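Q: Any chance you can model this:
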Amino acid sequence: MDTFRNMKAFISLVEAGGFTAAARHLDTTAGYVSRCISELEAHLRTRLVNRTTRRIALTEAGSRYLSRCYDIIASVTNAEAEALSALAKPDGTLKMHSMSSIGQNYVVPAIATYQDLFPDVTVDLTLSQNVPDLLEEGYDVALRVSPASLPDSIYISHKVGTVHSVLCAAPAYIERHGYPSTVEELASHTCLQVAMPIFPADEWTLTGPGGTYSFALPAKRFRVNVPDAMAVALHDGMGIGALPTLTVRSALRSGALVKVLPEYRLQELNIYLLYASRQYLDAKIKTWIEFFRTWITAALEEDDVALEKSTPSDAAKLAGTIATRLPV
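A: From the prediction side, this is the model:
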């Protein structure tokens, strides 16, 4: 039995004052309305209306039940209106997850601009290196970084950009230990390692104008499993390390870190947006996805141009300065 349907038929019967009038209102037959009321009474085991050939009259139980029916229909109508509004107007809380580096360097600045456009959206952002279960942990959208395509899953994914890794070091380290000018010269330097699944273990693969080189990392003095911690080690002059440009973009621009072998690039990482479904997508999720895809494309292009213009020349200048200080 469809209780909700029968409730609406009961309300129409009372408001219209009879089965025929109620049938006209519902665009159906009087027999259909009568069956709905009979099913409802049988389900409740209570007579709701007294019928005569000319009119209907509510019983005391029917009067009480009618009041409840109005409340239920109003609640459902309001719930439907709220759900439809969510599809049309960005509102409420957008729960988001991102890996730490991309979150700090790209997602947070993007959110600032997004909320200027959609001030009714509250963003609840979680940054961590763990990969969450979107449905189980209640996330609307997630940002993932991966060196390859993501494995098949129930989620929708969009590739929104690509970043690469670079070798870098603090100027203080270069001043103390010199500036390597070839891949082979890296062997005489302290090379720091990020120990994460998305980075190759114990080896750097460098691609540049001279081709592709594999460099086996010498005995490690320091390794860490979080890129941001590696950035701190590099700032402190502990050695040379490989990190995605998204982690060190600000440091390279300011000169706090400089590229080492700037003509070479290391591993590329793909950036993906993940969410649960394309169907009936909430307006806050849909607008964030559309906004971020455009925003990060522009941000990555701007960073590439800025880093290519500034860092190689700065590195060359630094190498020249150091060369003048070395003993002849």
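Q: How about the residue nearest the centre of the chain: which residues does it bridge to?
A: The centre of the chain sits closest to Ala142, judged by C-alpha atoms, centre = their mean, with a distance of 2.8 Å. Note on Ala142: beta-bridge partners His97, Leu274, judged by DSSP bridges.
Q: Per the annotation, how does this protein divide into domains?
A: Domain segmentation of the chain under automatic domain parsing yields 3-88, 92-325.
Q: can you redo those as TSV with mean pLDDT?
A: Shown next, in TSV, are the domains of the chain (pLDDT from 0 to 100):
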stretch	mean pLDDT
domain 3-88	83
domain 92-325	82
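Q: Could I get the full set of strands for the chain?
A: Shown for the chain, the strands assigned by DSSP state E span residues 49-51, 56-58, 92-98, 121-127, 141-146, 156-169, 191-194, 203-208, 211-216, 223-224, 240-244, 258-260, 268-275.
Q: for the first one, the distance to its chain's centre please.
A: The chain centroid and the centroid of strand 49-51 are separated by 58 Å, computed with C-alpha atoms, centre = their mean, to the nearest Å.
Q: so what does it touch, helix or strand wise?
A: strand 56-58 (3 or more C-beta pairs under 8 Å, 6 or more residues apart in numbering; DSSP states H and E). All C-beta atoms are positioned from the backbone trio N, CA, C, and that covers glycine.
Q: Pull the number of nearby residues for Leu186.
A: For Leu186, the count of nearby residues is 21 (other C-beta atoms under 10 Å).
Q: Pretty sure it sits against Tyr179.
A: No: look at Leu186 against Tyr179 with C-beta atoms under 8 Å: they stay out of range, at 11.1 Å.
Q: returning to what we had before: how much space between the residue nearest to the centre of the chain and His158?
A: Distance from Ala142 to His158, counting by C-beta to C-beta, to the nearest Å: 11 Å.
Q: so what's in contact with those two at the same time?
A: Residues touching both Ala142 and His158 by C-beta atoms under 8 Å, 6 or more residues apart in numbering: Leu273.
Q: ok now do the residue nearest to Ala299 when sequence neighbours are not counted, which residues does it touch?
A: Computed as C-beta to C-beta, 6 or more residues apart in numbering, the closest residue to Ala299 that is not its neighbour in sequence is Tyr106, at 6.1 Å. Residues near Tyr106 by C-beta under 8 Å, 6+ apart: Leu246, Ile296, Ala299.
Q: which one among those residues gets closest to Asp124?
A: Ile296 (19.9 Å; C-beta to C-beta).
Q: tell me, how many neighbours does the closest one end up with?
A: 22.
Q: Tell me where this protein has helices.
A: With DSSP state H, the ranges of helices along the chain come out as 3-16, 19-26, 30-44, 60-88, 100-102, 108-117, 134-137, 171-177, 227-235, 245-254, 283-325.
Q: Distance from the chain centre to the first one, please.
A: Okay, so that is helix 3-16. That offset, for helix 3-16, works out to 45 Å (C-alpha atoms, centre = their mean).
Q: Could I get the CA-only coordinates of it as PDB?
A: What follows is helix 3-16, C-alpha atoms only, in PDB (Å, rounded to 0.1, in the frame of the first residue of the first chain):
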ATOM      1  CA  THR A   3       0.400   5.300   2.400                       C
ATOM      2  CA  PHE A   4       1.600   8.700   1.200                       C
ATOM      3  CA  ARG A   5      -0.600   8.500  -2.000                       C
ATOM      4  CA  ASN A   6      -3.600   7.500   0.100                       C
ATOM      5  CA  MET A   7      -3.000  10.400   2.500                       C
ATOM      6  CA  LYS A   8      -3.200  12.900  -0.300                       C
ATOM      7  CA  ALA A   9      -6.400  11.300  -1.600                       C
ATOM      8  CA  PHE A  10      -7.800  11.500   1.900                       C
ATOM      9  CA  ILE A  11      -7.000  15.300   2.100                       C
ATOM     10  CA  SER A  12      -8.500  15.900  -1.300                       C
ATOM     11  CA  LEU A  13     -11.700  14.000  -0.300                       C
ATOM     12  CA  VAL A  14     -12.100  16.200   2.800                       C
ATOM     13  CA  GLU A  15     -11.300  19.500   1.100                       C
ATOM     14  CA  ALA A  16     -13.500  18.700  -2.000                       C
END
